[in-house]
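Undergrad: Using only what follows, build the 3D model:
(chains A and B)
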2 protein chains.
Amino acid sequence: MTLPKITRATLERNLPIFEWSRTYDRDTLTSDMVAAVIVTIMLIPQSLAYALLAGLPPEMGLYASILPLVAYAIFGTSRALAVGPVAVVSLMTAAAIGNLGLSDPAQYALAAITLAFISGVILMVMGIFRLGFLANFLSHPVIAGFITASGVLIASSQLKHIMGVEAHGHTLITIWGDLFAHQHMVNPITLAIGVTTTAFLFWVRKGLKPLLLATGMKPRLADILAKAGPVGAVVVTTLAVWIFDLENKGVAIVGDVPMGLPPLTAPSFSADLWGQLFISALLISIIGFVESVSVAQTLAAKKRQRIVPDQELVGLGASNIAAAVTGGYPVTGGFARSVVNFDAGAETPAAGAFTAVGILLAALLLTPLLFFLPKATLAATIIVAVLSLVDFSILTKAWGYSRVDFAAVAATIFLTLGFGVEMGVSAGVILSIGLFLYKTSRPHVAEVGLVPGTQHFRNINRHKVETRPEMVTLRIDESLYFANARFLEDYVYNRISCDEPIRHVVLMCSAVNEIDMSALESLEAINQRLRDLGISLHMSEVKGPVMDRLKRSHFLDELTGQVYLSQYDAWRVLTGPQALDSTEPGS
Amino acid sequence: MTLPKITRATLERNLPIFEWSRTYDRDTLTSDMVAAVIVTIMLIPQSLAYALLAGLPPEMGLYASILPLVAYAIFGTSRALAVGPVAVVSLMTAAAIGNLGLSDPAQYALAAITLAFISGVILMVMGIFRLGFLANFLSHPVIAGFITASGVLIASSQLKHIMGVEAHGHTLITIWGDLFAHQHMVNPITLAIGVTTTAFLFWVRKGLKPLLLATGMKPRLADILAKAGPVGAVVVTTLAVWIFDLENKGVAIVGDVPMGLPPLTAPSFSADLWGQLFISALLISIIGFVESVSVAQTLAAKKRQRIVPDQELVGLGASNIAAAVTGGYPVTGGFARSVVNFDAGAETPAAGAFTAVGILLAALLLTPLLFFLPKATLAATIIVAVLSLVDFSILTKAWGYSRVDFAAVAATIFLTLGFGVEMGVSAGVILSIGLFLYKTSRPHVAEVGLVPGTQHFRNINRHKVETRPEMVTLRIDESLYFANARFLEDYVYNRISCDEPIRHVVLMCSAVNEIDMSALESLEAINQRLRDLGISLHMSEVKGPVMDRLKRSHFLDELTGQVYLSQYDAWRVLTGPQALDSTEPGS
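TA: Numbering: from 1, shown residues only, chains lettered A, B, ... in the order given. This next block holds a predicted model:
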């Protein structure tokens, strides 16, 4: 039996594994294996910690780091992206499920699995219908503001583990309010472990590598040791708890983590639950996709490789569905671990599959060793990881460049901190789009004149230009569409009511990329109104696609003036000696 | 006591009555009185009929035609607009309150009063904050489609009265389904009255005036008689029911209409009810505003008067609040009656106040005479009135001009008919904005060359132009912002990967009206990527406001090439003999 329709090219496009596996050899294998070992060491404490952040049992973090990596290796296009639980998506998961008010941990876990499944379906569907462009509506400043605010929220949410107190909440005020309310219950030993570990990890990040290099160690090894810092902290603090019996002195520990293969799980198909989770899943999908693609593109550019965003959607969708069927929760490509993977020499997505094997071994063998691991240690690894995401300089940068961008960033940060991640990112997107629409609805219109000695026309208020009293040229600096059609009418009517001898109005359309039906009706109205006043309406520099469109209507037949190829042509004809004899060159 | 801050100009701006009342004289009074009489005659059956359409007792239609007209006369800017209950807003009122599932008529009436109040507050607030531009986001094709579909829905909803059966529903399918289900219960006498009246009214509209003119009657009087057609139908059918005791033969009648002044009423301030009605009130406000302003502007243009849209919001807001406190329901400026008012010679808003007096007299004196008025007659007046709004030609017009406009119109019509007015108009607005954003997110980029013998540059695919292999000029036909920043990057990278000898890329920015922060980051990325490939990036024809913005960033310092005032300057410098010696004129 043959399947003649499926060519190799089709397969390679839809399953990138067929492309890179063809050239896979022993060297590539070695590179991928080394990268996988380093990422595995980094990922074990991270996946436990992010599960804690999402409000889930730690093993779910491990489960989310096994099959999803294999799924991405098959469907994804990035050669260095490392998929798994990440900080921002874990926070969004906690916020989404927190809204449901579930008290039963099994229900909570089921909701997380369902969230991963819905998110996977959304990503898959977006990929199949090539809707990746939707992610473009998250502007860079909004993303930057959102990531920064999320980092602050995440770090704040971990302080309870450092202090050893109970605290809840998904906004800055509720988190800090809870912390202050419980400050008398701080556990000093937990606090000592937490603060020491945090300080140690910061030092590892900044100071260890230079120190090791100074001892003459090879850069590669120094790098690996520095990356293994969190594992060292895990080992040392776990031993400390075990040896000094700190558990009975009030230090919260991870406790029993089941040993074995990830379980086979199924999401809930309750319509109610889907309804409650859908918006959250959509936001998680888009944020996860944007974060992942920008990491993947940065890394691909360094090796002149290409990312196919719509195929990335399929890859991430498959990963999330894989997470949902093996007891995981929403995953995406992580920034820090992808960079580590890339730096460690990962050549193909197989590195991700090998990492999955590493995590699987950990789930099969190491979980009993995690019993005495203090939660404060995990919290410290999260805090150190996310504080590197926090960068408020986006605020000053945006303020310096544009008030509109600043408004979007400031609102995103403020609303994320004050009302939670979902409100923050939704408001950021809506505000960005709203401000863009507002700007385009009140376009810049410049009156232009001829720059002497050239055929070029510029704003009469900014340049020294020639003009004629009987001819007004308005350059419209925006596409004409329903939101600004009426604005143009008002502008033209106001302009012509000022001067008496005007006989020609020229609309210079070099910046008009579109004239929709509403705008066409406005142009017809302007043409008619000017005709009643004895003024001809002309157009110049109308672009090809716009002209094609106008030719399909009756507007050009009714136009009292002409359409000129260039503004200079209009100037020559309308200001030449013969122009003074005839008011209506179009008639 | 003096209020020195309030000048006459301030008063005139905020209370237009102070402006027109200054020049009010006996002639104006006569014109206004005549117009008021004609509009009153037209408005009595209409206001009863529209109340029926809204699912309210007929007297509420009368009440909505008294104080609101006085309020508009004080605050509104149009000299001819006739405010009151209108067809589309009545249908939207029925849909909004129908959603609440109220069975008690008193509760239903209270909800209508509350809807008018919320709508009044929304309009007032929009007026005070000068948010009239928001209405621009309803594109002309969407409005046209919405009005047409509403007309079909309204006419369909009245068939039950013509047939004398019970039927409910707010969509085409539910209305017609109900009618078919009840067809065996048709009352033949009601049907006879309904069909005859409908036919009579159509004839009055088309055939009566020419006939009267043919008899030598003065045009003005013929016009008034033709407009009085509905009153004639009301009188004749009411008499018929009374004389032949048709009520007892199953003809539904209006019944007891209370006689007297409009009652003083107060809206509900239940937070629940406000929450349920808010979106509906917002849609009613915007649709009402758009309908009203477009009528007002059309009529004002004929007399070279001006409408102030933001002040119109205040006027309509005051009218709706007036409706809410005197037992009315949402009102706005009506198309047909405003045209009648204008044609009848109304000179000032005082005509509206006089009409209010006319309706008040009707409410005080005539209501007992309405007892035997058949509902079928009112339904016939509605059907004849709204079918003039139905114009499916917008579909073919939009199809011919632009597929995008067509999509918006078709979706608006389909969703209004299939899922009701609120869904229809919301979808129309969202789709219009979405399609606009989609278009701008995939901008047209043209590669341009010099039109020989000029300094003008046009698309190489559309015009015969000069080009140089070492220089690529891309004219970007869209503002650069977050939604298309990545598109530009991809476009440039694809273009330069095709040809080998490229040394200069010029971005011609004559159509770029904005470069936001996301786009700036993309430009920085393009500049850096091209530098790595030994290609200089230049820009030309950057507009003043965009250049101001760029100067605030570091981009211009890092740019490998130059910014040229005109594309011709760029061409001269980069293709001149000296250009061949230096790859980086910007360094």
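Undergrad: In the host helix or strand of A:Thr355, which residues are buried?
TA: Using DSSP states H and E, A:Thr355 sits in helix A:350-365. For helix A:350-365, burial by neighbour count (16 or more other Cβ atoms under 10 Å in any protein chain shown) applies to A:Ala350, A:Ala351, A:Gly352, A:Ala353, A:Phe354, A:Thr355, A:Ala356, A:Gly358, A:Ile359, A:Leu360, A:Ala362, A:Ala363. To be clear about C-beta, it is placed using only N, CA and C from the backbone, and glycine gets the same treatment.
Undergrad: For the fourth one, give its distance to chain B.
TA: This points to A:Ala353. Applying Cβ to the nearest Cβ, to the nearest Å, the value for A:Ala353 to chain B is 29 Å.
Undergrad: Sticking with the residue nearest to that residue when sequence neighbours are not counted, tell me its helix or strand.
TA: Distances taken as Cβ to Cβ, 6 or more residues apart in numbering or on different chains place A:Ala73 nearest to A:Ala353, at 4.4 Å, with adjacent residues excluded. Using DSSP H and E, A:Ala73 sits within helix A:67-75.
Undergrad: how distant is that helix from the center of its chain?
TA: 21 Å (Cα atoms, centre = their mean, to the nearest Å).
Undergrad: how far does stretch A:303-311 stretch from start to finish?
TA: Start and end residues of stretch A:303-311 are separated by 19 Å (Cα to Cα, to the nearest Å).
Undergrad: next one: stretch A:435-447
TA: End-to-end for stretch A:435-447, by Cα to Cα: 25 Å.
Undergrad: likewise stretch A:152-172?
TA: 8 Å.
Undergrad: and what of stretch A:509-527?
TA: 15 Å.
Undergrad: can you pull the contacts of the residue of the stretch 151-300 of chain A found nearest chain B?
TA: Residue of the stretch 151-300 of chain A nearest chain B, by Cβ to the nearest Cβ: A:Gln297 (8.9 Å). Going by Cβ atoms under 8 Å, 6 or more residues apart in numbering or on different chains, A:Gln297 touches A:Ile307.
Undergrad: do the one 3 residues further on as well
TA: Contact criterion Cβ under 8 Å, 6+ apart gives A:Ser78, A:Arg79, A:Ala80, A:Arg306, A:Ile307 as the residues in contact with A:Ala300.
Undergrad: Now name the helix or strand holding it.
TA: helix A:271-302.
Undergrad: Just the buried positions in that helix, please.
TA: A:273-274, A:276-277, A:280-301.
Undergrad: One more: stretch A:448-456?
TA: Per 16+ other Cβ under 10 Å, stretch A:448-456 contains these buried residues: A:Val448, A:Gly449, A:Leu450, A:Val451, A:Gln455, A:His456.
Undergrad: State the pLDDT value of the spatially most central residue of chain A.
TA: In chain A, the centroid-proximal residue (Cα atoms, centre = their mean) is A:Val290; its distance is 3.3 Å. A:Val290 carries a pLDDT value of 88.
Undergrad: Contacts made by whichever helix or strand comes after the helix holding A:Thr355 with the rest, please.
TA: Per DSSP H and E, the first helix or strand lying C-terminal to helix A:350-365 is helix A:375-387. Helix A:375-387 has contacts (Cβ under 8 Å, 6+ apart) with A:45-46, A:48-50, A:52-53, A:58, A:87, A:150-151, A:154-155, A:158-162, A:164, A:190-191, A:193-194, A:197-198, A:200-202, A:205, A:230, A:233-234, A:237-238, A:251-254, A:336.
Undergrad: again, but for stretch A:187-199
TA: So stretch A:187-199 is in contact with A:161-165, A:233, A:237, A:240, A:246, A:249-252, A:374, A:376-377, A:379-381, A:383-384, going by Cβ under 8 Å, 6+ apart.
Undergrad: Contact distance from chain B - what residues of the stretch 351-500 of chain A qualify?
TA: With Cβ under 8 Å from any Cβ of the partner chain as the criterion, the stretch 351-500 of chain A meets chain B at residues A:397-398, A:400-402, A:404-405, A:432-433, A:436-444, A:446, A:451, A:454-456, A:458-459, A:462, A:477-479, A:481-487.
Undergrad: Looking at those, which are in strands?
TA: A:Ala446, A:Arg458, A:Asn459 (DSSP state E).
Undergrad: And the residues you listed, which of them are buried?
TA: A:Ala446, A:Arg458, A:Asn459.
Undergrad: In CSV, list these along with pLDDT.
TA: Output for these, formatted as CSV (pLDDT from 0 to 100):
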residue, pLDDT
A:Ala446, 88
A:Arg458, 88
A:Asn459, 89
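Undergrad: Closest one of the residues you listed to chain B?
TA: Closest to chain B, out of all of these and judged by Cβ to the nearest Cβ, is A:Asn459, at 5.6 Å.
Undergrad: how about the nearest residue to that closest one, chain neighbours excluded?
TA: Closest to A:Asn459 by Cβ to Cβ, 6+ apart is A:Ala446, at 4.2 Å.
Undergrad: and if you look at A:Ala95?
TA: A:His170 (4.8 Å).
Undergrad: Would you agree the one you found is in contact with A:Thr93?
TA: No: assessed by Cβ atoms under 8 Å, A:His170 is found out of contact with A:Thr93, at 11.2 Å.
Undergrad: Compare these two (neighbour count), which wins?
TA: A:Thr93 (28 against 20; other Cβ atoms under 10 Å in any protein chain shown).
Undergrad: The more buried one reaches A:Leu283, doesn't it?
TA: No: using Cβ under 8 Å, A:Thr93 makes no contact with A:Leu283, being 10.8 Å away.
Undergrad: A:Ile38 sits in which helix or strand?
TA: Counting by DSSP H and E, A:Ile38 is part of helix A:26-53.
Undergrad: what's the average pLDDT for that helix?
TA: 88.
Undergrad: Who are the packing partners of the helix or strand just after that helix?
TA: For helix A:26-53, the following helix or strand on the C-terminal side (DSSP H and E) is helix A:58-63. Using 3 or more Cβ pairs under 8 Å, 6 or more residues apart in numbering or on different chains; DSSP states H and E, the elements in contact with helix A:58-63 are helix A:26-53, helix A:350-365.
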